[in-house]
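In: Attaching a predicted model along with its sequence, questions to come.
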Amino acid sequence: MPGMENGRLESFFLYKHLAGVYDKERILPAAEHADGRQPDGEGLSGEEIMESGEEIMGKKRIQIAYFTADWNRELVSVALNAVLKYLDTHSEVYVQVFDCFSFALYSDREGSRFRIYHLPDLDLYDAVLVQAHEIMDTDVIRQLEQRIRAAGIPAISVGARMEGCVYIGTDDYAAAREMTQHLVTGHGARSFLYLKGCEREDGRGEAELRRQAFEDVCRENGVLPENIAYYDGNWDSRKGRKAVEELIASGKPLPDAIVSANDEMALGALGALTDAGITVPQEILVTGFDGILSASLSNPCLSTVFRDFDTLITTALETLMAQIRGEAVPQRIFSPYKMVFSESCGCFENLLAELPRVKRMYYANSRQQEKFYDQQDRLTADLFRTDNKNILETVEKHYQIFGNGNLYIYANDYYFKYYVSQENAELENIPVSDSYVLVACGGRNVERQEENAYMRIARRDLTDAPLLRDERLTIFYSLHFKNINMGFLVLTQPPTVAEMHLHENIVNLCVFAIENARQKIRSERLNRKLNALYMKDQLTGLYNRFGYDKMAETVFQDINGRGSDVHVLFLDIDDMKGINDRYGHEQGDLAIRTVSSVMKGSCRKSDFKMRYGGDEFVIITEAGKADLKGRLIENFRKVNESGELPFYLSVSIGDYTVSDSSPKSLDDLLRAADALMYQEKRRKKQKMSGLA
């Protein structure tokens with residue numbers, strides 16, 4: 001390949017986390033684009049803006065709402081850590097972040113994720129910061145624009161332009177021009193595969209500017225259009241891999257270079273080329289854009305554009321503070337970037353100098369991963385062996401897996417009700433609630449006000465919840481299963497696992513564990529209901545013979561175990577055949593139901609009550625001073641005197657009591673009570689015969 005240097009060093013080039021990494025000359029005023037284009041308004045550098053933000057009016061509490069979409073991307077983690085660092089030196093500033101693990105409304109599931117953006121009432125905030133380059137859905141952006149406009153508060157969009165917002169970001173056009181020019185003039189590249197990023201319908205995003213700069217440089221240098229192929233990508237490394245796989249499968253010659261609109265796709269392309277045995281940079285050049293950590297640790301190290309997000313976010317916050325003070329600010333501000341020409345484009349000169357720092361960074365990252373996986377193993381083990389009702393306490397116990405801050409989980413009140421009360425409900429029937437319940441609190445000592453709950457709070461007051469008022473930084477994540485909002489997870493520091501792209505995995509693990517517990521509780525309830533149906537007589541609700549086999553002996557042993565005498569009663573409806581013959585079987589069923597009602601009204605709840613079969617009934621109870629047989633006889637008399645029945649209800653009762661020291665079994669007692677019942681039935685018949 002023209003201009004290619006021979007050989008390469010199998011080492012690393014870390015540029016992202018080092019002090020003084022960016023080139024101060026790249027801090028371009030908005031009026032000075034590399035191609036002479038004029039911006040929307042007057043420009044200032046990031047440093048100038050930061051210098052203007054020293055005085056704060058009267059140390060008044062400043063509340064800032066921050067919207068972002070974090071789909072396991074390092075850039076959001078870097079931005080949140082920049083916010084945390086800013087708060088350390090600005091005690092009057094409070095930032096609430098509303099973070100979504102998505103970037104577009106392409107399904108109901110994604111729609112449920114974006115509901116978190118509706119949580120804050122912007123009338124309660126002093127300013128808004130939107131990490132707009134992470135939010136790819138035009139409808140979501142439009143909704144935010146309308147709400148910001150209605151609130152009438154200062155607002156800044158980062159990385160993509162929004163109406164009514166000051167823009168702060170990288171000069172994507174200038175940086176992409178420089179990278180493309182380097183490939184064309186520095187390495188003689190004349191044919192390209194361009195991997196397009198997430199281009200917006202409104203044309204306001206980063207990806208469009210990067211592509212435009214690439215095309216302009218190619219045109220200016222006489223690169224023929226037929227020597228440029230395009231692939232519609234996004235922010236996913238799998239797209240870069242697929243683009244290369246399709247290129248290889250087509251049988252077409254390799255281009256001189258693959259230019260990717262972002263690092264993720266470039267890394268995917270590198271992986272696919274390596275798997276196919278194609279060497280980079282000897283056979284093809286590859287470049288990315290963004291400067292994520294993985295680019296510095298790839299093999300070969302990726303040539304890219306490092307964006308100083310730390311300075312970018314600090315500039316954004318200082319600009320918001322200037323607007324709050326009523327100062328005029330430029331409508332477009334550019335933050336530093338640095339061109340990183342590394343192995344993947346054939347540039348090697350800086351590799352050896354950076355190797356010691358890379359090794360230290362690699363070691364620190366490895367130790368962090370080791371700690372994380374140990375915490376994850378312990379969390380997983382505890383989650384799936386704990387009692388269902390203690391799932392949330394287990395999450396509290398392991399809250400530090402997210403980092404060093406506090407953790408709060410606010411559950412949708414409907415979901416909480418189904419979780420705690422064990423009501424039978426399908427998820428699809430659970431709406432977004434007007435109130436939420438604090439069900440987990442890691443890192444703070446708080447007393448529970450009710451079972452499984454610390455406190456309840458109205459949805460409109462959630463962002464100003466008592467425990468959150470003194471938290472300088474709060475990061476809200478939506479907890480959802482399928483397309484159902486379960487509630488919100490709130491952290492008070494950027495999750496350390498985000499640096500490894502793993503915090504969404506932990507959030508999902510908690511979601512699945514909580515939902516798994518809910519499903520288990522629901523299954524247990526259904527099983528209890530089925531068991532009850534299996535053991536209960538449908539006509540009376542009393543235990544049946546199956547219930548007797550399963551429960552009666554346990555009741556008998558429990559009474560004996562307390563050292564009490566056991567009292568067994570056997571009941572039989574007199575002349576049941578006559579009732580059926582004279583009044584019909586419906587009235588016969590009424591007689592049976594009436595006996596069961598009298599039994600329930602006469603017995604204690606703990607007594608064992610069953611329909612033994614047909615018109616026979618059994619009661620097993622603890623013998624006491626109360627005369628249960630006499631109470632039953634009296635209540636049957638009251639039923640007959642009420643005139644509610646078209647027939648006279650006569651019941652024969654045999655009862656037998658045995659001490660706890662008796663060797664008699666429950667079956668022995670039942671037979672004895674049965675025999676006494678039949679003695680009473682015979683006495684009744686003899687009495688009736690005598691009267692006749």
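Out: Yep, it's here. Residues are numbered from 1 along each chain as shown.

In: My understanding was that Val595 contacts Ile653; is that so?
Out: No. Using CB atoms under 8 Å as the test, Val595 is too far from Ile653 to be in contact (10.5 Å). (Glycine included, C-beta is placed from N, CA and C.)

In: Could you tell me the end-to-end distance of stretch 461-473?
Out: 17 Å (CA to CA, to the nearest Å).

In: just to revisit the earlier point, comparing Val595 and Ile653, which residue is more hemmed in?
Out: Neighbour count, other CB atoms under 10 Å: between Val595 and Ile653, Val595 has more, with 24 against 21.

In: Reduced to three states, what does the more buried one come out as?
Out: helix (DSSP: H, G, I helix; E, B strand; the rest coil).

In: contacting residues for the nearest residue in space to Gln679 that is not next to it in sequence?
Out: Take Gln679 and drop its neighbours on the chain: the residue closest to it by CB to CB, 6 or more residues apart in numbering is Gly654, 6.9 Å away. The contact partners of Gly654, taken as CB atoms under 8 Å, 6 or more residues apart in numbering, are Leu569, Phe570, Ala672, Ala673, Asp674, Ala675, Leu676, Met677, Tyr678, Gln679, Glu680.

In: If we use 10 Å, what do you get?
Out: Counting by CB atoms under 10 Å, 6 or more residues apart in numbering, Gly654 touches 568-572, 629, 672-681.

In: Next: Arg142.
Out: Met162, Glu163, Asp202.

In: and if you look at Gly222?
Out: Val184, Arg190.

In: With Ser435 instead?
Out: Ser435 neighbours (CB under 10 Å, 6+ apart): Tyr410, Asn412, Asp413, Tyr414, Phe416, Arg456, Ile457, Ala458, Arg459, Arg460, Asp461, Leu462.

In: hang on, the earlier thing: give me the buried subset of the contacts of Arg142.
Out: Taking 16 or more other CB atoms under 10 Å as the criterion, what is buried in these is Met162.

In: With pLDDT and distance to Ala174 as new columns, can the contacts of Arg142 be given to me in TSV?
Out: As requested, these are exported to TSV (pLDDT from 0 to 100; distance: CB to CB, whole Å):
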residue	pLDDT	distance to Ala174
Met162	93	21
Glu163	94	24
Asp202	74	21
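
In: Buried residues in stretch 473-493, which are they?
Out: 473-481, 484-493.

In: any idea of the mean pLDDT in it?
Out: For stretch 473-493, the mean pLDDT works out to 84.

In: what's the answer for stretch 514-524, then?
Out: 70.

In: Please apply the same query to stretch 232-250.
Out: In this model, stretch 232-250 has a mean pLDDT of 94.

In: How far does it sit from its chain's centre?
Out: A distance of 30 Å separates the centroid of the chain from that of stretch 232-250, by CA atoms, centre = their mean, to the nearest Å.

In: next one: stretch 528-537
Out: Put simply, stretch 528-537 sits 36 Å off its chain's centre (CA atoms, centre = their mean).

In: Please apply the same query to stretch 170-180.
Out: Relative to the mean C-alpha coordinate of its chain, stretch 170-180 is positioned 37 Å out (CA atoms, centre = their mean).
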